[in-house]
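In: With the input below, show me the fold.
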Amino acid sequence: MRSRGFAVGIGVNLGDRTGQFDLAIRLLAGTPGIEVLEAATPIRTSPVVSEGEKSRHPWYLNSVVVGSTTLSPRALMGRLLAIETVVGRRRRGGCDPRTLDLDLVIMEGTVIDEVGIRIPHPRLAGRTFVLEPLAEVLDRLESTGEDRVLDIVRGIRSSLPSAVRTAGTGS
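Out: Numbering: from 1, shown residues only. Coordinates of the predicted model:
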């Protein structure tokens, strides 16, 4: 199976944020069929809540990991959910604070809108805490000049929704 580029948003706002963030990347990188190329510098962000709601969330540590995989979109999503569980996430529904949140935000050449999996992530365009680290990591990878890495970067950028591409994450 051909390898495809992907980007995963990482968010942590409970417990040892840095430790859980690092563990998630190690577990992802240790998965057969997944190559982690680069993680963006983690940033501290305020929680995003629905308009009119009061936040009960602590601050987040957010970043993006870019890589390539031979896994299918569903298999990659399954691995992300398994990593969340290993790191202690318990889904209770809604937008609860969490020990780890892994969102498959983009996968090269993939558009899926089904129960349990939506690629590109449906709220990607409004998430600067994902878009800014994604732009950072794609720019850094592009500067390597390696043909294989450049192909992955181009594949990810071309798979971004047009609203996101025009918002400054490259084209």
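In: going forward, measure contacts between C-alpha atoms and count neighbours the same way
Out: Will do.
In: and residue 64, what are its bridge partners?
Out: According to DSSP bridges, the residues that bridge with residue 64 are residue 9.
In: which residues does it contact?
Out: 7-10, 39-40, 42, 130, 133-134, 137 (Cα atoms under 8 Å, 6 or more residues apart in numbering).
In: same deal with residue 5?
Out: Here residue 5 is in contact with 66-69, 107-108, 152-153, 155-156 (criterion: Cα under 8 Å, 6+ apart).
In: rerun that using 10 Å as the cut-off
Out: 34-37, 66-70, 106-109, 149, 151-157, 159 (Cα atoms under 10 Å, 6 or more residues apart in numbering).
In: Can you give me the separation between residue 129 and residue 146?
Out: Using Cα to Cα, to the nearest Å, residue 129 is found at 27 Å from residue 146.
In: For these two, work out which one has more neighbours and name it.
Out: residue 129 (24 against 10; other Cα atoms under 10 Å).
In: so which strand or helix has the more buried one?
Out: Applying DSSP states H and E as the criterion places residue 129 in helix 128-142.
In: counting contacts, what elements does that helix pack onto?
Out: strand 4-12, strand 34-39, strand 43-45, strand 60-69, strand 101-107, helix 147-159, helix 162-165 (3 or more Cα pairs under 10 Å, 6 or more residues apart in numbering; DSSP states H and E).
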